[in-house]
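**Student:** Fold the following and give me the result.
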Amino acid sequence: MPDSAQFNQAGAHHLPGYLGIVITHVDGAEVHAELPVRTELMAPNGFLHAGSVVTLADTCAGYGCLANLPEGAVGFTTVELKSNHLGTAREGTVACVARAVHLGRTTQVWDATVTHKDSGKTMALFRCTQMVLYAK
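**Tutor:** You can find the predicted model right below:
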């Protein structure tokens, strides 16, 4: 199973690294990450862009899926995601915890909760379904 350093290295030159997402913990069916809030991640209204929050949650769920692929699987693709945004941020660090709900041979379902690290306030709830891919 890949650890947090391996996921951070793999994402360094892709969207997770570009946004500043840092995977802090990988343990079986749970992944933790953080994202420091900065100007480039804001919407023009001065609040954290919803896309930044969704990318954080989707990255955690995706890395969780990779860490839990069944034997013979070569990857996955996201087939559905849903987010409920309950709050936002202007500064600080946003944290995410993703947990597996279903780890099947053909699909996985992950739930993620995004919070403001300093206040502990829940900012978003997220559910993602991934289709597990196999080579022909």
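
**Student:** which phi and psi does the closest residue to residue 11 other than its chain neighbours have?
**Tutor:** Distance criterion C-beta to C-beta, 6 or more residues apart in numbering; nearest residue to residue 11, sequence neighbours excluded, is residue 17 at 4.8 Å. C-beta coordinates here come from the backbone N, C-alpha and C atoms, glycine included. Dihedral angles of residue 17 (phi, psi; degrees, to the nearest 10) stand at phi -70, psi -40.

**Student:** Report the separation between the residue nearest in space to the middle of the chain and residue 29.
**Tutor:** With distances taken as C-alpha atoms, centre = their mean, residue 60 lies nearest the centre of the chain, 2.5 Å away. Going from residue 60 to residue 29 by C-beta to C-beta, to the nearest Å gives 12 Å.

**Student:** What of residue 84?
**Tutor:** According to C-beta to C-beta, residue 84 stands 22 Å off from residue 29.

**Student:** Of these two, which one has the most company?
**Tutor:** The neighbour comparison of residue 84 against residue 29 (other C-beta atoms under 10 Å) goes to residue 29, with 16 against 10.

**Student:** so what's the more buried one scoring on pLDDT?
**Tutor:** Predicted confidence (pLDDT) for residue 29: 94.

**Student:** Since that was my last question, I'll sign off now.
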